[in-house]
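Visitor: Can you look at this prediction? I've put the sequence above it.
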Amino acid sequence: MAKNIMIQGTMSNAGKSLLCAALCRIFRQDGLRAAPFKSQNMALNSYITREGGEMGRAQVVQAEAAGIEPDVRMNPILLKPTTDMGSQVILNGKVQGNLRAVEYYRRKKEYIPAILEAYNSLAAEYDVIVIEGAGSPAEINLKREDIVNMGLARMVDAPVLLVGDIDRGGVFAQLYGTVALLEEEERARIKGTIVNKFRGDRAILEPGLKTLEQLCGVPVAGVVPYLHLDLEDEDSLSQRFDRSGERRAVDIAVIRLPRISNFTDFSPFERCENVSLRYVSRLSELQDPDMILLPGTKSTIADLQWLRQSGLEAAILKAASAGVLVFGVCGGYQMLGKRISDPQQLEAAGVTEIAGLGLLDTETIFCAEKVQTQTRGVFGKVEGMLASLSGQAYNGYEIHMGRSGSPSSPLVMGAPNVYGSYIHGLFDAPGVSDAILRALAEKKGLDLEALGSFDPKAYKEEQYDRLAEAVRGGLDMEFVYRVLNREV
């Protein structure tokens, strides 16, 4: 069976996901076969595997860093919030239904066999399992039924490194307070602490680090610098959403829906130095972009109601009539149609039918069976502003409850400047994103070269290597290996 090591955090967004990705890369560089594991993930950004299973994108990123194919065993439970009080529960890649939070917590122990089966099967195939916790292990109201932090560490006998976020302030209180709230057996699992996202001179930290070691009774395993990398974010804490002001030669606006999902669909447009990709949630932020993107959402009807109430719907309709390129993906594609029906109240939005924006000649009806599939092919004849997509290869994946028109059509067009698709990851193919950027540039009298270009695969590999280099430099890797080998 594989050796294991677990990264837990003092809070959400302390940096657990990227540290796990870094360790996966480091172990790979050191000749070990590593795989990520997170028993329970809560996120709206998800991915469909080759077999059609749905899993969280954080473990996809970690698998990529490890140089292996994503597998639902790496994330046996995925929770996709549908309301403030409940989530869609996905077990081993398949939808189990919607549960209120209190019901899910009551039933959590029922999922332990599935968690252990997934973990043990991975452990039989790899040298190292890099385990990620969720939130904080010191959530004392949730500890009794825990299956993702110390509860999981106990089940798989994993040593733990505890990470705190110094950038958000109070890192010593974070780390010591977390340790102090743990039970004795749980504290014994923590072998070291990590100070993450540090900016400045480490020498200034040293007195605090020594005191922290005395208080917690374990070494500080490292101080990891604040990293400026371009890697996918897991959830709505993404710094991408702060980019609302900058505008460049070609300006693209993504509507930041309240329940936005899979916003990483649009990251290929961020890589060109003269293209701005802005996330806007207010009418005043929209201005006059060259392209408007309507993203996926976990609650299409509720977010369509918000779009209408915010005034952004009217602005999008006005922009479309003026020739601005409008493109909807998944839930955004559904919104662009004439009507959305939810007769079984699968979205629990309180309405069974709502009018769409009417920019596409489609109607959507929600069905209980979820579409989960990878897809690839070649675009047929595309007309209008994106005619250059004709004959272009595409690939990606679909995750949706709705059915809208022809299921075999990868791209639906309304007016010559309005398009929709169910395919997530559609823009990742260089030919697809290049064709769109070329059309936007030519409309403004520019050429594609003026926007800058890149090799997305090589770029991503470079980012993983930079991540590994920075974390290897910040951590005491000799100590980390001693923890992995149970020498601490």
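Guide: Yep, it's here.

Visitor: And what about the nearest residue to G15 once chain neighbours are set aside, helix, strand or coil?
Guide: Of all residues not flanking G15 in the chain, N196 sits nearest, at 4.2 Å (C-beta to C-beta, 6 or more residues apart in numbering). For glycine as for every other residue, the C-beta is placed from the backbone atoms N, C-alpha and C. Here N196 is recorded as strand under DSSP: H, G, I helix; E, B strand; the rest coil.

Visitor: is N196 in a bridge, and if so with what?
Guide: In this entry, N196 is beta-bridged to D165, by DSSP bridges.

Visitor: Hmm, it is touching L19, no?
Guide: Yes. Judged on C-beta atoms under 8 Å, N196 makes contact with L19 at a distance of 7.0 Å.

Visitor: more crowded one of these two?
Guide: The neighbour comparison of N196 against L19 (other C-beta atoms under 10 Å) goes to N196, with 28 against 25.

Visitor: Need the residues touching each of N196 and L19.
Guide: V163, V224 (C-beta atoms under 8 Å, 6 or more residues apart in numbering).

Visitor: residue contacts, the residue nearest to G15?
Guide: A14, G15, L19, V163, G164, D165, I166, D167, V224.

Visitor: Need the buried ones from those residues selected in ChimeraX.
Guide: The buried residues among these can be selected in ChimeraX (16 or more other C-beta atoms under 10 Å) with this line:
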select :14,15,19,163,164,165,166,224
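
Visitor: ok, the contacts of N196 vs L467, which is closest?
Guide: L19 (9.1 Å; C-beta to C-beta).

Visitor: who does the helix or strand hosting the closest one touch, helix- and strand-wise?
Guide: In the assignment (DSSP states H and E), L19 maps to helix 16-29. Contact partners of helix 16-29 among helices and strands, from 3 or more C-beta pairs under 8 Å, 6 or more residues apart in numbering; DSSP states H and E: strand 3-9, strand 34-37, helix 57-66, strand 128-132, helix 456-474.

Visitor: Show me how far that helix is from its chain's centre.
Guide: 16 Å (C-alpha atoms, centre = their mean, to the nearest Å).

Visitor: got a list of contacts for it?
Guide: Residues contacting helix 16-29 (C-beta under 8 Å, 6+ apart): 5, 7-9, 34-36, 58, 61-63, 65-67, 127-128, 130-133, 163, 194, 196, 224, 227, 229, 231, 234, 464-465, 467-468, 470-472, 477, 480.

Visitor: now do 7 Å
Guide: Residues from elsewhere that reach helix 16-29, judged by C-beta atoms under 7 Å, 6 or more residues apart in numbering: 7, 9, 34, 36, 58, 61-62, 65-67, 128, 130, 132-133, 163, 196, 231, 234, 464, 467-468, 471-472.

Visitor: Quick check: PyMOL command selecting the buried ones in the residues you listed.
Guide: Here is the PyMOL selection string for the buried members of these, based on 16+ other C-beta under 10 Å:
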select buried, resi 7+9+34+36+58+61+62+65+66+128+130+132+133+163+196+231+234+464+467+468+471+472
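
Visitor: Can you give the domain ranges for this structure?
Guide: 3-231+462-484, 250-445 (automatic domain parsing).

Visitor: Let me have those domains in CSV, adding distance to D455 and mean pLDDT as columns.
Guide: Formatted as CSV, these follow (distance: least, C-beta to C-beta, whole Å; pLDDT from 0 to 100):
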stretch, distance to D455, mean pLDDT
domain 3-231+462-484, 9, 95
domain 250-445, 8, 93
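
Visitor: and P456, which of these is closest to it?
Guide: That would be domain 250-445 among the domains of the chain, by C-beta to C-beta, at 6.2 Å.

Visitor: quick one: which of the helices and strands packed on helix 16-29 is nearest P76?
Guide: strand 34-37 (8.6 Å).

Visitor: where do the helices sit along the stretch 301-450 of the chain?
Guide: 312-321, 331-335, 430-443 (DSSP state H, counting those that start in this stretch).

Visitor: Tell me which of these sits most buried.
Guide: helix 331-335 (a mean of 29; mean count of other C-beta atoms under 10 Å).

Visitor: list the helices and strands it packs on?
Guide: Identification of packing neighbours for helix 331-335 by 3 or more C-beta pairs under 7 Å, 6 or more residues apart in numbering; DSSP states H and E yields strand 296-297, helix 300-310, strand 393-404.

Visitor: How many residues are close by the nearest residue to N485 once chain neighbours are set aside?
Guide: Of all residues not flanking N485 in the chain, K3 sits nearest, at 6.9 Å (C-beta to C-beta, 6+ apart). By other C-beta under 10 Å, the residues close to K3 number 19.

Visitor: was I right about K3 contacting L484?
Guide: Yes. Here K3 reaches L484: they are 5.3 Å apart, a contact under C-beta atoms under 7 Å.

Visitor: hey, what's in contact with both of these two?
Guide: Joint contacts of K3 and L484 (C-beta under 7 Å, 6+ apart) are V128.

Visitor: on that earlier part again, which stretch among the helices of the stretch 301-450 of the chain comes nearest L116?
Guide: Closest of the helices of the stretch 301-450 of the chain to L116 is helix 331-335, at 34.4 Å (criterion: C-beta to C-beta).
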